[in-house]
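**Student:** give me a 3D structure for the following:
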Amino acid sequence: MKTKHTISKRRLQQYLNELVAIAKARTADVVFVSNIPGDEEQHAWLKVYVPDELADQLDDLIVQRAHDIFIETGYSIGAIVYEKSQLLHHVVETDA
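**Tutor:** Below you'll find the model as predicted:
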């Protein structure tokens with residue numbers, strides 16, 4: 001049986017800010033979208049858009065940190081990094 005973990009929205013926002021800060025430490029050219037709650041019973045979902053040449057590297061770092069946060073605290077944050085060139089495509093899909 002799973003135990004219910006109390007989630008602090010303030011603490012959750014701090015973790016989201018920390019994940020975004022990982023990208024901003026490598027480039028100032030960062031756009032992000034976060035949703036609280038996230039999808040599929042996640043506490044939050046984070047989409048980060050960065051310059052195309054940094055996307056793979058930053059995805060590895062951010063996804064690993066989100067995993068570490070989950071292991072350490074139980075906060076489930078889905079995170080993915082996209083190439084910034086995909087940003088317009090995602091906005092068009094969302095508006096459709």
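
**Student:** residue 63 and residue 70 touch, don't they?
**Tutor:** No - if you go by Cβ atoms under 8 Å, residue 63 and residue 70 don't touch, sitting 10.7 Å apart. The way it works is simple: take the backbone N, C-alpha and C, and place the C-beta from them, glycine included.

**Student:** assign a three-state SS to the spatially most central residue of the chain, would you?
**Tutor:** By Cα atoms, centre = their mean, the chain has its centre lying nearest to residue 46, at 2.8 Å. At residue 46 the chain is in strand, as set by DSSP: H, G, I helix; E, B strand; the rest coil.

**Student:** what pLDDT does it get?
**Tutor:** Reading off the confidence values, residue 46 has pLDDT 96.

**Student:** show me which residues of stretch 70-80 are buried.
**Tutor:** Buried residues in stretch 70-80, defined by neighbour count with 16 or more other Cβ atoms under 10 Å: 70, 73, 75-79.

**Student:** now stretch 50-57
**Tutor:** 50, 54-55.

**Student:** in JSON lines, list these along with distance to residue 33 and pLDDT.
**Tutor:** Formatted as JSON lines, the buried residues of stretch 50-57 follow (distance: Cβ to Cβ, whole Å; pLDDT from 0 to 100):
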{"residue": "50", "distance to residue 33": "13", "pLDDT": "97"}
{"residue": "54", "distance to residue 33": "18", "pLDDT": "96"}
{"residue": "55", "distance to residue 33": "15", "pLDDT": "96"}
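
**Student:** okay, and which of the residues you listed map to helices?
**Tutor:** Of the buried residues of stretch 50-57, the ones assigned to helices by DSSP state H are residue 55.

**Student:** helix, strand or coil for residue 78?
**Tutor:** Quick answer, by three-state DSSP: residue 78 is strand.
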